[in-house]
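Student: When you get a sec, could you give me coordinates for this:
(chains A, B and C)
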Amino acid sequence: MSIIRTLGKIKEQKPLIHHITNWVTIYDCANIVRVVGALPVMAHAPEEVEQMTSISSALVLNIGTLTVDLVRSMILAGMKANEKKIPVVLDAVGAGATDLRTEKAKEILKKIKISILKGNSSEIGTLAGADAETKGVEAISVKGDVVEIAKSLAGKNGLTVVITGKEDIISNGKDVYVCKNGHPMMGKFVGSGCMAASVIGAFAAVEKDYALASAYALSFFGIAGEIAAKTASAPDAYKAALFDKIFDLKENEIKEMERIEKRG
Amino acid sequence: MSIIRTLGKIKEQKPLIHHITNWVTIYDCANIVRVVGALPVMAHAPEEVEQMTSISSALVLNIGTLTVDLVRSMILAGMKANEKKIPVVLDAVGAGATDLRTEKAKEILKKIKISILKGNSSEIGTLAGADAETKGVEAISVKGDVVEIAKSLAGKNGLTVVITGKEDIISNGKDVYVCKNGHPMMGKFVGSGCMAASVIGAFAAVEKDYALASAYALSFFGIAGEIAAKTASAPDAYKAALFDKIFDLKENEIKEMERIEKRG
Amino acid sequence: MSIIRTLGKIKEQKPLIHHITNWVTIYDCANIVRVVGALPVMAHAPEEVEQMTSISSALVLNIGTLTVDLVRSMILAGMKANEKKIPVVLDAVGAGATDLRTEKAKEILKKIKISILKGNSSEIGTLAGADAETKGVEAISVKGDVVEIAKSLAGKNGLTVVITGKEDIISNGKDVYVCKNGHPMMGKFVGSGCMAASVIGAFAAVEKDYALASAYALSFFGIAGEIAAKTASAPDAYKAALFDKIFDLKENEIKEMERIEKRG
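Tutor: Next up, the predicted model:
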């Protein structure tokens, strides 16, 4: 497999990606899934989430504007996803910033077999029990080596851990991938982290090696981000260029620019 | 009446279009109403929806991210709209994908006199009792002739039915309009279906022949979509061009490009 | 202090701006805060709002799509903000359009010490007890002089009142500032009012003279709006240009274009 072949499968199969997500970036998460070539669906009513998950190929959970009720829907959907053996991505937005976020992220991890746990260094650090500080939804600091944190947390929980940052760290407890694609402009507008989780969901829907799927997704997203920076230097123009590059990223661009390193 | 005259009335009267809608495209629905020249208002608290509907000229209901509570507010608002004799548009997003969506769409249709029921072929097919498949919010298949489905469902329920697709079908049970405007790029970003329902709401606020209002709205929206495709070929740039073309669509563009056919 | 120095403090301190806001413009409110150089966080669960406010430097409340529960969270967060002595901005979206909005705005004003109350002329007029009409979220009319309304309401309640419009009026009961920056295009898309409140939140986080902070924020926002109008004449292109100008507004542009007049 490769990014190009995985992307080809997405465009061919058009997997349905069920999201239970936040109200801030909900449009962008849906839209990026569409632009990648998959089909998004956003549904959170407890009466329908299980059925919606049943017809989907991946489930993306994002606690960016969580409520207790919304997490209940996430757990219902997640249990159904586990039963159907489709991948579940958890974006632990703001874990560490409030007790509610930390506790609910832990509760989800306990009750559902998460396939891919994603967050920035302080969100994942918090969930790994490291000394970390999260300011709202921003990583401030984490003590310890992020590669070790990812690998150890992944191994302990039997899942893939993704720590996003200047370099993205991906580990399933054995393999470690470091993805060096991306551009600082991706942090100048709101939501690139949420969008990354949605792209991971689309890749994981068609590639069952979830660590590889995550590395591919982040490299793909990052390459588009690097190319977008060549034509746009302000946030809104940049975001538009990013989406439009994702829509028509060329095979040779992917081949020449992919910077995934396998370690450990 | 004509598209141009209807549009002129919207810009002159600035009708207030009350939406109870989904959290994905809520901004775009509000924004397109504003760009067309009407005034959007989004309000869903059960304590205020009746009063908000009372001061509005049309009500747009969209079940894209429905909950049981939200549907309750829709019914309250819809009953008030019926009392005030203002048009009610129902966009049956995802009907057929889950039982909740199918049942709640049917419940709304039963409790409220809907003026215009809109959906894609499988959503409307489901509500018409045809054999149909909806994948999330995408039409997959429907058995039977869509024109017949629209006409029959409209006749039986005494409303206007709009089935969007490559060609849009509009029927009030007697008249059938086929609108051939539009462009495939309109399906490359999320939300054009929801936006179409909002544009229909603005047109129906000032044109009481709801089948005609719907045909005008879809032709208008589709013409802007065709022109936008001349300058933009990627989703984000295209969506921006679409909104901006809607803002300043010229009379001669409308006259030359309108493709509404009356049948039956 | 000056706009430039205040802006410098925002970019240096990156204050966290906690929002409990509406579902329509939630993304744009977060994004504009980011683009200005501060950090947005949107969180509304009653279990976490107090803790989120505790780590924030300002709280922005916006009743654009209020529910009774959401207002409860606003009051919890507001009480914590009062305890921590951080500024609280209330954007009274739609006050006067429904009883719920008017009553809940008044309840918030009674239970929380609001630092800056913002609205258009009919929203503020309604809260001041003047004869005013609000159509959805649009100002229709208000009886009386807006400068007097602002000054009197501010004096009575011991807060800063901001009335947005062609000219923005800001008063803390003693000082009156009139900000003449801005451009009619800012009203051609949805959300510039909400965004203005978020920008005010960011400025108030670092400038404790809240009337001055509000005047600076609105002048800053308006200058960007004037410059954006030079390159874009349709709503979507204009909105993009506005965000991108906010991102890199130059010191000399601010110096040359600032039009804040102090009165009274």
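Student: I'd like to know how many residues surround the closest residue to chain B within the stretch 151-264 of chain A.
Tutor: Using CB to the nearest CB, the closest approach of the stretch 151-264 of chain A to chain B is made by residue A:244 at 3.4 Å. Yep, even glycine has a C-beta here, placed from its N, CA and C like the rest. Residues near residue A:244, counting by other CB atoms under 10 Å in any protein chain shown, number 23.
Student: for chain A, what's the longest helix?
Tutor: helix A:210-231 (DSSP state H).
Student: CA-only coordinates of it in CSV, if you can.
Tutor: Output of helix A:210-231 as CSV, limited to C-alpha atoms (Å, rounded to 0.1, in the frame of the first residue of the first chain):
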residue,chain,number,x,y,z
TYR,A,210,-4.2,2.0,11.3
ALA,A,211,-0.8,3.3,12.1
LEU,A,212,0.0,3.3,8.4
ALA,A,213,-3.4,4.8,7.6
SER,A,214,-2.7,7.6,10.1
ALA,A,215,0.8,8.3,8.7
TYR,A,216,-0.6,8.3,5.2
ALA,A,217,-3.4,10.6,6.1
LEU,A,218,-1.2,13.1,7.9
SER,A,219,1.5,13.1,5.2
PHE,A,220,-1.2,13.6,2.5
PHE,A,221,-2.8,16.5,4.5
GLY,A,222,0.7,18.0,5.2
ILE,A,223,1.8,17.8,1.6
ALA,A,224,-1.3,19.7,0.6
GLY,A,225,-0.5,22.2,3.3
GLU,A,226,3.0,22.7,2.1
ILE,A,227,1.9,23.3,-1.5
ALA,A,228,-0.9,25.6,-0.4
ALA,A,229,1.7,27.8,1.4
LYS,A,230,3.4,28.5,-2.0
THR,A,231,0.3,30.4,-3.2
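Student: Show me what the helix or strand harbouring residue A:178 is packed up against.
Tutor: Applying DSSP states H and E as the criterion places residue A:178 in strand A:176-179. Contact analysis of strand A:176-179 by 3 or more CB pairs under 8 Å, 6 or more residues apart in numbering or on different chains; DSSP states H and E lists helix A:146-157, strand A:168-171, helix A:210-231, strand A:260-263 as its packing neighbours.
Student: so what strands line up beside that strand?
Tutor: strand A:168-171 (antiparallel), strand A:260-263 (antiparallel) (DSSP bridges).
Student: what's the closest of the ones you listed to residue C:212?
Tutor: strand A:168-171 (42.7 Å; CB to CB).
Student: Which residues does that closest one contact?
Tutor: For strand A:168-171, the surrounding residues in contact (CB atoms under 8 Å, 6 or more residues apart in numbering or on different chains) are A:146-147, A:150-151, A:154, A:160-163, A:176-179, A:182, A:211, A:214-215, A:218, A:222, A:264.
Student: Phi and psi next, for the residue in the stretch 51-200 of chain A positioned nearest to chain B.
Tutor: Nearest residue of the stretch 51-200 of chain A to chain B (CB to the nearest CB) works out as residue A:51 at 4.4 Å. The phi/psi pair for residue A:51 (degrees, to the nearest 10) reads phi -70, psi -40.
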